[in-house]
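# Can you look at this prediction? I've put the sequence above it.
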Amino acid sequence: MKKYNFNAGPSMLPREVIENTAKQILDFNGSGLSLMEISHRAKDFQPVVDEAEALIKDLLDIPSGYSVIFLGGGASLQFMQIPANFLIKKAGYLNTGTWAKKAMKEAKQYGEVVEVASSADDNYTHLPKNFEIPADLDYLHICSNNTIYGTELRKDIDAPVPLIADMSSDIMSRPVDVSKYKAIYAGAQKNMSMAGVTVIIVKDDELGKAPRELPTMIDYRTHVEKGSMFNTPPVVPIYTLMETMRWVKANGGVEAMDRLAKQRAEIVYNEIDRNKLFRGTVAEEDRSVMNLCFVMNDEYKDLEKPFFDFATERGMVGIKGHRSVGGFRASCYNAQTIEGVNALVQAMKDFEAQH
């Protein structure tokens, strides 16, 4: 049976990326050694790092004066590394979900933190609206896409201060005006690579301004100066990232990814809104095109497990919603296909016909 992968992360990768990485794991560039066992300082590996960095800069049209670095630790480490490097006096945070809240908690260890706006009182079922951004912030931190609750900031915010963004679950899915940002970070295991590498884009002239002594590994300057080679980087994930960036570019870049994301989301949301069994969980204008969350209508709540079992039998994988929301979540990152979302929609239609 064909499987359709809707996992929220680690998530689906393009098949050719998986196959190309697998070949290099067996024999890297004809060296007779596995990609898993080569030295990160091998002459054949430096071009991988260089190409991955160049492709990210090209695809996101990153202006000069920014560096791209590859670190471990995931976005969770960045929750503290960002304020350690950039919080001077006061930072603002937009509280739109679990990950934004965790980032805000870590930032409070380094200085004053202002919650600029929040939708927590409504269980994050919408994005905050009509909020004022203080002009004296060192930065405004946002989580552009909320994997758990299914809301997304699909456009860059206009703000009187620089932005910093956790883009773990929507980077490379749309064009971004990087010039508005002091830093962008993303765990790569959704739209960029397998788990194990974190991509950080930093504005060079904003580094070194924090009024504190930083541990060597926490200081972004360490990794910028050493080209992500200060310590052993995650070799295989970086190779997979390079292959994925090649795939994005070959398939039309972030503009094409944006169009495809909207097309997939429209197919699924149209069925959610049409089908009498289901309803969406967030305000329509704030719906994520990456993580599509929905639940059973109240009168059909007892059909939740039967539908999950039905969809699983049809080959759907990873559609169970996060425990904070319940119901279902169809994660549709760049590698997700129209065939996949059509298969999910057909399962929803067929289940409705039975009930």
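Nice, thanks for sending it over.
# where do the strands sit along the stretch 201-350 of the chain?
278-280, 291-296, 316-317, 328-331 (DSSP state E, counting those that start in this stretch).
# List just the one of those strands that sits closest to F86.
strand 291-296 (27.2 Å; C-beta to C-beta). C-beta here means a position set from N, CA and C on the backbone, and glycine is covered the same way.
# in its sheet, what does that closest one sit against?
Applying DSSP bridges, strand 291-296 is found paired with strand 278-280 (antiparallel), strand 328-331 (antiparallel).
# Can you tell me what sits against that strand?
For strand 291-296, contacts defined as C-beta atoms under 8 Å, 6 or more residues apart in numbering pick out 8, 145-150, 152, 169, 265, 268-269, 272, 277-282, 303-304, 307, 321, 325-332.
# Now list the buried members of those residues.
Buried members of the contacts of strand 291-296, scored by 16 or more other C-beta atoms under 10 Å, are 8, 145-150, 152, 169, 265, 268-269, 272, 277-278, 280-282, 303-304, 307, 321, 325, 327-332.
# Pretty sure Y139 sits against K90.
No. Taking C-beta atoms under 8 Å as the definition, Y139 is not a contact partner of K90, at 9.4 Å.
# the more surrounded of the two?
Y139 (25 against 15; other C-beta atoms under 10 Å).
# quick one: the more buried one from K89, how far?
Distance of Y139 to K89, computed by C-beta to C-beta, to the nearest Å: 11 Å.
# Phi, psi for M192 please.
Dihedral angles of M192 (phi, psi; degrees, to the nearest 10) stand at phi -130, psi -30.
# how about it, what does it touch?
I171, M172, A186, V199, L241, T244, M245.
# Likewise for D219?
So D219 contacts N85, L207 (C-beta under 8 Å, 6+ apart).
# Which phi and psi values does it adopt?
The phi/psi pair for D219 (degrees, to the nearest 10) is phi -70, psi 120.
# can you map out the helices along the protein?
15-26, 46-59, 74-86, 98-107, 220-225, 235-250, 253-274, 304-313, 338-354 (DSSP state H).
# could you redo these as TSV and give each row mean pLDDT and distance to Y4?
Formatted as TSV, those follow (pLDDT from 0 to 100; distance: least, C-beta to C-beta, whole Å):
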stretch	mean pLDDT	distance to Y4
helix 15-26	98	13
helix 46-59	98	26
helix 74-86	98	26
helix 98-107	98	26
helix 220-225	98	37
helix 235-250	98	19
helix 253-274	98	12
helix 304-313	98	9
helix 338-354	98	4
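# Mind putting those helices into CSV with distance to D298?
Formatted as CSV, those follow (distance: least, C-beta to C-beta, whole Å):
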stretch, distance to D298
helix 15-26, 40
helix 46-59, 43
helix 74-86, 34
helix 98-107, 24
helix 220-225, 49
helix 235-250, 41
helix 253-274, 15
helix 304-313, 11
helix 338-354, 16
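# how about low-confidence regions in the stretch 101-250 of the chain?
Nowhere does the stretch 101-250 of the chain drop to pLDDT under 70.
# Turn the strands paired with strand 291-296 into TSV, columns for distance to A347 and mean pLDDT.
Formatted as TSV, the strands paired with strand 291-296 follow (distance: least, C-beta to C-beta, whole Å; pLDDT from 0 to 100):
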stretch	distance to A347	mean pLDDT
strand 278-280	11	98
strand 328-331	11	98
